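# just the structure for this:
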Amino acid sequence: MVRFTQVAAGMAAVVACFAQHPAPPGKASGKTVRELFLEDQADRDSPGGDMSKLDWSKIGPRDEARRSQVLAMVDSGKLTTGTDFREASFIFQHGSKPQDYLMAHILATAALARGDSESRWIVAATLDRYLHAVGQPQVFGTQYHIRNAGEPMTQEPFDRTLVPADPRAAFVPNDKIQRAMLEAFQHNREPDLSNYESELPCRN
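Numbers count the residues shown, from 1 in each chain. Below is the predicted model:
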C-alpha cells in the first residue's frame, strides 16, 4: 500500500504558511474542529524529524475517529468559517480511500470560497491525492510517496505540463522547493525550507 508523506511531518514551512494560523476566536464549533486539527498535526510530528518513527498502527485509528467527528460536524452545519473548512480538509486529507480525499478537496474548496486564502495549498494537495488514488497522475506535485518497497520517495506519476506556471504558482511551491523537499523525504527527514520562505506562494 502506498504511504503518502503526511503534511505536518514533512512540510513544516508550507503548512505554517497555509494552514497553521490561529483560528478566529468565538465559535465553539471552530474550537472543536481546531482541537481535532491540532491532534491530527501532532500525530504527524515525527520524533527528531525522523518520519520512519511514526507509528501508523496507532495513528490510523485516531485519524478514522477524527474523520467521523468532522463528518458529523459537516452534516449538522457546524462548520461555518473558512478556517473551519480548511482544518476539516486536512483531517480528511489524511484518510485512507479516494472518497476521503475527494471530501477533503470539497472542504478545501469551500474554505477558499469563504475567502480563506490560506487554503490554496490544501486545495491543490487534495486534488493531487485524489487523482493518485484513482490512478491518475498528480498535477501540482504536492504528493510524495514510495511506490514499491525499497524504492526512494518520488512524486511520480506527475503530469508537469497540465497546469501552466502562473496558476500553479498561486497554489504550490516552485520546482526548486519541491526538489529540496523530495531530497529530504528520500532521507527520511523533514525539509528545511528556511532559505526559501520568500519564494513560498503565500509570501507573494
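
# what is the mean pLDDT for stretch 130-145?
The average pLDDT for stretch 130-145 rounds to 95.

# C-terminal to the helix of greatest length in the chain, what's the next element?
Using DSSP state H, we find that the single longest helix of the chain is helix 56-75. Next helix or strand after helix 56-75 toward the C-terminus (DSSP states H and E): helix 82-93.

# show me what whichever helix or strand comes after that next one is packed against.
Using DSSP H and E, the helix or strand that follows helix 82-93 in sequence is helix 98-113. Helix 98-113 makes packing contacts with helix 56-75, helix 82-93, helix 120-133 when contacts are defined by 3 or more C-beta pairs under 8 Å, 6 or more residues apart in numbering; DSSP states H and E. Where C-beta positions appear, they are placed from N, C-alpha and C, glycine not excepted.

# could you look over these and pick the most buried one?
helix 82-93 (a mean of 26; mean count of other C-beta atoms under 10 Å).

# who are the packing partners of that helix?
Here helix 82-93 touches helix 28-42, helix 56-75, helix 98-113, helix 120-133, going by 3+ C-beta pairs under 8 Å, 6+ apart.

# can you give the distance of the second one from its chain's centre?
Just to be clear, that refers to helix 56-75. Relative to its chain's centre, helix 56-75 lies at 15 Å (C-alpha atoms, centre = their mean, to the nearest Å).

# ok, now the shortest one?
On the basis of C-alpha atoms, centre = their mean, helix 120-133 is displaced by 8 Å from the centre of the chain it belongs to.

# please find the angle between the direction vectors of that helix and helix 82-93.
Angle of helix 120-133 versus helix 82-93, following axes from the mean of the first three to the mean of the last three C-alpha atoms, to 10 degrees, is 30 degrees.

# right, and the helix or strand after helix 120-133?
helix 165-169.

# for the helix or strand following that next one, name the packing helices and strands.
Note on helix 165-169: by DSSP H and E, the next helix or strand toward the C-terminus is helix 175-186. In this structure, helix 175-186 makes packing contacts with helix 7-10, judged by 3+ C-beta pairs under 8 Å, 6+ apart.

# what residue ranges in the chain are flagged as low confidence?
In the predicted model of the chain, residues 1-31, 49, 198, 201-204 satisfy pLDDT under 70.

# burial count for Asn188?
15 (other C-beta atoms under 10 Å).

# surely it and Ser52 touch.
Yes - when contacts are counted by C-beta atoms under 8 Å, Asn188 is listed as touching Ser52 (5.0 Å).

# Gly115 belongs to a strand?
No - Gly115: not assigned to a strand; according to DSSP: H, G, I helix; E, B strand; the rest coil it is coil.

# could you pull up the residues touching it?
Gly82 (C-beta atoms under 8 Å, 6 or more residues apart in numbering).

# do you know how far it is from Phe90?
18 Å (C-beta to C-beta, to the nearest Å).

# outside of stretch 158-166 itself, list whatever touches it.
Taking C-beta under 8 Å, 6+ apart as the rule, stretch 158-166 contacts Pro137, Gln138, Val139, Phe140, Gly141.

# narrow those residues to those that are buried.
By neighbour count, with 16 or more other C-beta atoms under 10 Å, those hold Gln138, Val139, Phe140, Gly141 as buried.
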